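[1] quick one: sequence and predicted model below, then my questions.
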Amino acid sequence: MAHFCKEWEKITSDHEILDIVRGQPIEFDTEPFQNPPRLQSKFTDAERAVIRSEINRLVDKSVTVCTQHEPGEFIPSIFV
């Protein structure tokens, strides 16, 4: 959404909204950690198709991006 900041600035000067559009950093009190990822959940073929479709929609909208493994990464179980 950050690439739409200029368009949002045309319709609002609300700093809270503009901060959301720009992306808000998450402030942690301690470094997040993750136990080893759980075993992959069992999904039916139909469920896997819906999940894949939704992930593709998020990628297409640039809400999420494909990445490479990095030190300290946190992997939600849906992506395992």
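    Nice, thanks for sending it over. Residues are numbered from 1 along each chain as shown.
[2] for the helix or strand bottoming out on mean pLDDT in the chain, buried residues please.
    Averaged element by element with mean pLDDT, DSSP states H and E, the chain has its least confident helix or strand at helix 15-22 (a mean of 84). Buried residues in helix 15-22, counted by 16 or more other C-beta atoms under 10 Å: Val21. (Glycine included, C-beta is placed from N, CA and C.)
[3] same deal with stretch 57-65?
    Judged by neighbour count (16+ other C-beta under 10 Å), stretch 57-65 contains no buried residues.
[4] what's the average pLDDT for the following helix or strand past the least confident helix or strand of the chain?
    Sequence order places helix 45-60 as the next helix or strand after helix 15-22, per DSSP states H and E. The average of the pLDDT scores along helix 45-60 is 91.
[5] now do stretch 73-80
    Stretch 73-80 carries an average pLDDT of 69.
[6] I'd like the distance between Val63 and Lys6.
    To Lys6, Val63 is 19 Å away according to C-beta to C-beta, to the nearest Å.
[7] could you do Phe33 as well?
    Distance, Phe33 to Lys6, using C-beta to C-beta: 38 Å.
[8] do the same with Arg48
    Between Arg48 and Lys6 the distance is 38 Å, computed by C-beta to C-beta.
[9] neighbour-wise, which of the two wins?
    The neighbour count for Arg48 versus Lys6, taken as other C-beta atoms under 10 Å, is higher for Arg48 (11 against 7).
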